[in-house]
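1. only geometry, no sequence info:
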């Protein structure tokens, strides 16, 4: 029997998706089902003083008074109402729900409902906000001493905008009422998050609430927290009507109303010696949380922890704030705060190199974290710290040095970025989650019982590979149960690059335990004698892992994945159009459980990062997304994406399944700064993304400002 781990086995969900047999939420139907819609605010800040509804009685209408339980979406802070009761904090805030048996009857229904408002002056600038959702301080060493040791101090400000997740399938759920219970089927990432929110809004006991994930067409973080809101809306209508209710957003509503990546302003002040050694880092991070807190606190957390980049520095201060503005709330998106702050540090590094007359590569080699070094939070890195190996492999593989010399002074540019990404929840997050995974013996093998969802990234396949090898069984003998809160334990949310490293490790433990129980018997023999048996494992932190949440110090993550991108591009000297021509993406991910899927994750995240860098601009006007359609919110197509050459380095992590770390989020951290650094090589000083032609026109450096670079 061949091994499954490390080979690119056939995907479990591949056949059904290719043939169309897979059932997404809009493929599902129930008898006597209604269709629901949300009526939203048309102002960004103020209060509803009166409501006028002109609908016939065949419409079901619900507002905050129809909520059986508490009127907030349970997540971290209970600040976001499920339906507005009066105060309005952002455009498109949900106010009313309507349902009808004919989906077509909902078209244009908002024109028959009018709100009278008392408007207030909105604020769209996070730096002028009076409301702070979260602030975080990280201190290491003696900042004054660090600046005292510096020969020069270099400052810079860097800005990133919104980014839309743009999963291929919009948000959708179906709520089915029963005898004092509710079942919700949905396109979602985190069944137990939705379950928690439904318990609060419906007032039902947890055992009376069931959440089942339908086949899901992508998430990228956008279906981490938002489906809780939509599920609550469908449940309110279902409970009031006593009938199943389906709610499916069209693309415009999905773009207008749902969460996006947090815009950021990051300021760096860095002390450095003449030979390029960083002595002090003073970093200020401001993130725009939008109208409600959602996940801003934990997005900020990851952002500030990664703000110093993969670089050694004994003296640093990092301050972070997530602020309220009158725009739709921002939330989870692949990378979860790290792309914003690592864009800033990597763009800053190239500016530092120019000021010092050093090659940007050399500056990174001098300062890159090594095994035994400590991070910004004081975490001592293990043997798998791989900043230099990925950097050197990317430089060699891309021909970086030769191309940088040859292209100097032309319209072709080459730039690189070095980055890392913590796998799993931050700090004590995994301990607080206390995730569980179970494995059930079947007559032919084993069945995986977890709430971790398949959203296109290959969860089912990868977990089955781990279990198969740990039990010494064929991959084909492993089944995966649907993510159904009535049937599977809470293995935690499908976020934070934790599914493989954390949940996979729990299942590896289950599989080895079950294998010991079998002894020399086959699954069929054991099943015949003893019947089904289920083993469960609960998360335990690796020995010696310590985190201080008050001081924000210690072991922020069990391990880090490491990456280096080299981007090659051309700039049209007349139109300033930018064409990326090639990307070299080197990643160290511990162990590739499924090499083809791991490479696909890296290619996909890299392409998404190219879009973040060059194309994807959310245009906000009066707190409303003005380009909420795919005709003018532009993402990379196959015609826009460059050739992406992926190389994976394996340095196994002792506490990951078969040595694996996380891979899904890390690839989006590096492309944007590598693009901007390639533009700097062409003579453009761009410190905000997306780097549109208009920004390039404004960012052209004067010839005398270009630093002379030396090459080793």
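-> Cool, the structure landed. Since we're looking at a predicted model, the values are computed, not measured. Numbers count the residues shown, from 1 in each chain.
2. if I look at residue 495, how far off is residue 455?
-> Separation of residue 495 from residue 455 (CB to CB, to the nearest Å): 10 Å. C-betas here are computed from N, CA, C, even on glycine.
3. er, residue 409 actually
-> Residue 409 sits 46 Å away from residue 455, going by CB to CB.
4. same check, this time on residue 164
-> Applying CB to CB to residue 164 and residue 455 gives a distance of 16 Å.
5. and what of residue 415?
-> Counting by CB to CB, the gap from residue 415 to residue 455 is 32 Å.
6. and residue 511, backbone torsions?
-> For residue 511, the backbone dihedrals are phi -70, psi -40 (criterion: degrees, to the nearest 10).
7. for residue 22, helix, strand, or coil?
-> Classification of residue 22 using DSSP: H, G, I helix; E, B strand; the rest coil returns coil.
8. same question, residue 49
-> Taken by three-state DSSP, the conformation at residue 49 corresponds to strand.
9. can you pull the contacts of it?
-> For residue 49, the contacting residues are 86, 116, 117, 118, by CB atoms under 8 Å, 6 or more residues apart in numbering.
10. again, 7 Å this time
-> Shown in contact with residue 49 (CB atoms under 7 Å, 6 or more residues apart in numbering): 116, 117, 118.
11. and it, how far from residue 13?
-> According to CB to CB, residue 49 and residue 13 sit 50 Å apart.
12. now swap in residue 52 and tell me
-> When distance is defined by CB to CB, residue 52 is 48 Å away from residue 13.
13. compare neighbour counts for the two and give me the winner.
-> For residue 52 versus residue 13, the count of surrounding residues by other CB atoms under 10 Å is larger for residue 13: 16 against 9.
14. got a pLDDT number for the more buried one?
-> pLDDT recorded at residue 13 is 95.
15. repeat that for residue 703.
-> 29.
16. any regions of this structure where pLDDT drops low?
-> Under the criterion pLDDT under 70, the flagged ranges of the chain are 1, 700-712.
17. if we can go back for a sec, distance to residue 18 for the contacts of residue 49 - can I get that in JSON lines?
-> Below are the contacts of residue 49 laid out as JSON lines (distance: CB to CB, whole Å):
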{"residue": "116", "distance to residue 18": "52"}
{"residue": "117", "distance to residue 18": "50"}
{"residue": "118", "distance to residue 18": "54"}
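18. most distant residue from the middle of this structure?
-> What lies farthest from the middle of the chain is residue 529; by CA atoms, centre = their mean that is 45.9 Å.
19. output the contacting helices and strands for whatever helix or strand that residue lives in.
-> Assigned by DSSP states H and E, residue 529 belongs to helix 523-530. For helix 523-530, the elements it packs on are strand 436-441, judged by 3 or more CB pairs under 7 Å, 6 or more residues apart in numbering; DSSP states H and E.
20. sorry, back to before: which of the contacts of residue 49 ranks first by neighbour count?
-> residue 117 (15 neighbours).
21. just give the nearest non-adjacent residue to that one, would you?
-> In space, residue 117 comes closest to residue 46 once its chain neighbours are excluded; the distance is 4.9 Å by CB to CB, 6 or more residues apart in numbering.
22. that neighbour: neighbour count?
-> Using other CB under 10 Å, residue 46 has 19 other residues around it.
23. what residues are up against it?
-> Counting by CB under 7 Å, 6+ apart, residue 46 touches 88, 117, 118, 119, 120.
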